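> Quick one: sequence and predicted model below, then my questions.
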Amino acid sequence: MTTLNEAAIQVLQNEGMFLDDQRWDDWLALFTTDCEFWAPTWRTEDELTNDPQSQLSHIYYASRAGLEDRIVRIRSGKSPASSPMRRTAHILGSVTPIGVATESKLQLRATWVTQVFDPRHKEQFTFFGTSEYSLRNEGAWKISRKKIVVKNDFFPAVVDVYCF
């Protein structure tokens with residue numbers, strides 16, 4: 001891997017670590033202000049929804065402001081999806097560059113698994129899938145788009161941004 005890719009992959013590794021450690025400000029700082037954060041649903045067994053504006057999504061935020069609002073609700077303790085706070089372990093699998101990389105832009109595809117423990121119900125469950133990341137170099141690599149494809153989209157509980 002090139003140094004360019006290694007620095008960008010570190011962003012993805014940090015994302016999981018910051019979510020696991022509930023370092024919300026550090027996690028938010030990984031995203032550009034105009035980022036898109038999207039987890040489409042499966043339209044059929046073989047086809048994902050393709051328009052977050054007109055079709056159902058598991059999660060969709062058109063900017064970091066949406067993510068920031070979500071973190072405010074998580075921190076408030078008033079979010080049913082996050083109270084009590086679940087414990088997570090994000091496992092990043094293969095990371096592959098896609099598209100043409102430049103010094104200022106890079107696209108990556110990653111496989112991932114997230115283990116989640118729900119202390120309220122004393123249950124644990126696993127989410128897995130792939131994510132496509134667009135990163136932009138703004139003095140440091142930042143996520144400008146994250147598309148999350150959840151392969152096991154039967155959710156035994158309410159999901160939140162930290163589940164993927």
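Arrived safely, thanks for sending.

> how about the least confident helix or strand in the chain by mean pLDDT: buried residues?
Ranked by mean pLDDT, DSSP states H and E, the weakest helix or strand in the chain is helix 3-20, scoring a mean of 90. Buried positions in helix 3-20, judged by neighbour count with 16 or more other C-beta atoms under 10 Å: 8, 9, 11, 12, 14, 15, 16, 18, 19, 20. For every residue, glycine as well, the C-beta is placed using N, CA and C.

> Packing partners of that helix?
helix 24-28, strand 87-98, strand 105-118, strand 123-137, strand 141-150 (3 or more C-beta pairs under 8 Å, 6 or more residues apart in numbering; DSSP states H and E).

> In the sheet, which strands lie alongside the third one, parallel or antiparallel?
For strand 105-118, the pairing partners within the sheet under DSSP bridges are strand 87-98 (antiparallel), strand 123-137 (antiparallel).

> looking at those strands, which is buried most?
strand 123-137 (a mean of 18; mean count of other C-beta atoms under 10 Å).

> pLDDT of it, averaged?
Averaged over strand 123-137, pLDDT sits at 96.

> Kindly export that strand (C-alpha atoms) in PDB.
Extracted in PDB, the C-alpha atoms of strand 123-137 (Å, rounded to 0.1, in the frame of the first residue of the first chain):
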ATOM      1  CA  GLU A 123     -28.400  -9.300  24.400                       C
ATOM      2  CA  GLN A 124     -25.700  -9.100  21.800                       C
ATOM      3  CA  PHE A 125     -26.000  -9.100  18.100                       C
ATOM      4  CA  THR A 126     -23.800  -8.700  15.100                       C
ATOM      5  CA  PHE A 127     -24.100  -6.400  12.100                       C
ATOM      6  CA  PHE A 128     -21.900  -6.900   9.000                       C
ATOM      7  CA  GLY A 129     -21.500  -5.500   5.600                       C
ATOM      8  CA  THR A 130     -19.500  -3.200   3.400                       C
ATOM      9  CA  SER A 131     -19.000   0.500   3.300                       C
ATOM     10  CA  GLU A 132     -17.800   2.800   0.500                       C
ATOM     11  CA  TYR A 133     -15.900   5.800   1.700                       C
ATOM     12  CA  SER A 134     -15.100   9.000  -0.200                       C
ATOM     13  CA  LEU A 135     -12.200  10.800   1.500                       C
ATOM     14  CA  ARG A 136     -11.000  14.300   0.900                       C
ATOM     15  CA  ASN A 137      -7.700  15.700   2.000                       C
END
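
> List of residues touching it?
8, 11-12, 32, 98, 103-118, 141-152, 155-157, 159, 163-164 (C-beta atoms under 8 Å, 6 or more residues apart in numbering).

> Right, I'll leave it there.
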